[in-house]
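*Asks:* The amino acid sequence is not available; the structure is as follows:
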């Protein structure tokens, strides 16, 4: 990690992998990029990632991040460029397909139930498990 100055605000920060913005400005920058991509896709539904990147000036890497964060999604099934990180089936957005999301949620619930009676968990561990289950349920 190297020390750099943020391109936008000039604040020093620890940069990884060619980062140009501090964490605060990075969030602002991603939000601006999201709005550009969203607006372009609204006017050009079905555009591919290269076309969107060229028209908006937003990097393909950022567009893929928006897809994985489920902020945008691929319209056509045949155009799925993301793969489920668990089973590798093509998906429109996010990190997991619906089937894997469901299986992960069931596994977490099962693990929670088996841990309830067998182990005395600290309140921190219990909260971590609850948070994981809540976020998995939201993804469904």
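*Replies:* Cool, the structure landed. In this text, all values refer to a predicted model and were calculated from it rather than measured experimentally.

*Asks:* okay, now residue 20: neighbour count?
*Replies:* Look at residue 20: counted by other C-beta atoms under 10 Å, it has 13 neighbours. For the C-beta atoms, the positions are set from N, CA and C on the backbone; glycine is no exception.

*Asks:* right, and it touches residue 9 too?
*Replies:* No - here residue 20 does not reach residue 9: they are 11.2 Å apart, not a contact under C-beta atoms under 8 Å.

*Asks:* quick one: common contacting residues for the two?
*Replies:* Counting by C-beta atoms under 8 Å, 6 or more residues apart in numbering, residue 20 and residue 9 have no contacts in common.

*Asks:* so how far is the first residue of stretch 41-51 from its last?
*Replies:* 10 Å (C-alpha to C-alpha, to the nearest Å).

*Asks:* Can you name the residues in contact with it?
*Replies:* So stretch 41-51 is contacted by 40, 52, 55, 60, 63-64, 72, 75-76, 79, 81 (C-beta under 8 Å, 6+ apart).

*Asks:* Many thanks, I have nothing further to ask.
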